[in-house]
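**Q** Test case, fold it:
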Amino acid sequence: MYYNSTLENLEISERFKEKVNREFEPGESIIWIDKPRPKYFTASSLSTFLFAIPWTLFALFWTFGAAEFKIPDFKEFDFFPLFGLPFIIIGLVLLATPLTAFRRDKKTLYVITNKRAIIFIGGLSTTIHSFMPENLKKIYREEKNDGSGDVFFQIYSKNISSEAKRIDNTGFLRVGNAREVENMLKSLAGRASSEKKEW
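**A** Have a look, this model is predicted:
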């Protein structure tokens, strides 16, 4: 089996390393590899967390109100307050979104090879998003003062209806040197364009 020694220095589980290693093809070499800086409150997780606060409080209020704010008497138990439990559970799951995002970041790996860009997301199963050079379009970065930032390299336009489209950004989030990563992706994308010209 082809093995890439660059994985040795990564702080990820051996099981995840094996899955990542199996993805590489003979002759494919790693140019750059990194992980996102873990963060509890991202733009999406913060908005979900803020939405979950009133949702959960209302679900709790409704459930206890339906139980007349009393401890249930199991001799004459009323099942009506139980209808609020699914909404409480949903609220608790939404409140845990920042923790879920943080744990997801710890199990995410970004890779640029001489053939493609790859996003690995570990967990109970491993999700692999592979982007070939010809698919690397509209590359841009959002950079902070310290040089870190997000590098986006593909935009999906999906038709929601005949008149509306949805745009999703895909890329490497919260990487250390955003400019360097952007340049490497542009170089990889440029290689695809030069190959087309040769044909």
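
**Q** now Glu142, what's its secondary structure?
**A** The three-state label for Glu142, taken from DSSP: H, G, I helix; E, B strand; the rest coil, comes out as strand.

**Q** my guess is it meets Ser148, correct?
**A** No - using C-beta atoms under 8 Å, Glu142 is not in contact with Ser148, being 10.1 Å away. (Each C-beta comes from the backbone N, C-alpha and C, glycine too.)

**Q** Touching both of these two, which residues are there?
**A** Common contacts of Glu142 and Ser148, defined by C-beta atoms under 8 Å, 6 or more residues apart in numbering, comprise Ala178.

**Q** Would you mind listing the buried residues in the longest helix seen in the chain?
**A** Across the chain, the longest stretch assigned as helix under DSSP state H is helix 43-66. Neighbour counts over helix 43-66 (16 or more other C-beta atoms under 10 Å) mark Ser45, Thr48, Phe49, Ala52, Trp55, Thr56, Ala59, Thr63 as buried.

**Q** quick one: contacts of that helix?
**A** With C-beta under 8 Å, 6+ apart as the test, helix 43-66 has contacts from 41, 78, 80-81, 83-85, 87-88, 90-92, 94-95, 97-98, 100-101.

**Q** Look at Ser148 and report its pLDDT.
**A** Ser148 carries a pLDDT value of 91.

**Q** so what's it closest to, chain neighbours aside?
**A** Spatial nearest neighbour of Ser148, excluding adjacent residues (C-beta to C-beta, 6 or more residues apart in numbering): Gly176 at 5.5 Å.

**Q** Now do the same for that neighbour: its pLDDT.
**A** Here the pLDDT value assigned to Gly176 is 87.

**Q** what about it, how many residues close to it?
**A** Gly176 has 14 neighbours, counted by other C-beta atoms under 10 Å.

**Q** so it makes contact with Trp32?
**A** No - assessed by C-beta under 8 Å, Gly176 is found out of contact with Trp32, at 10.3 Å.

**Q** Understood, closing this out.
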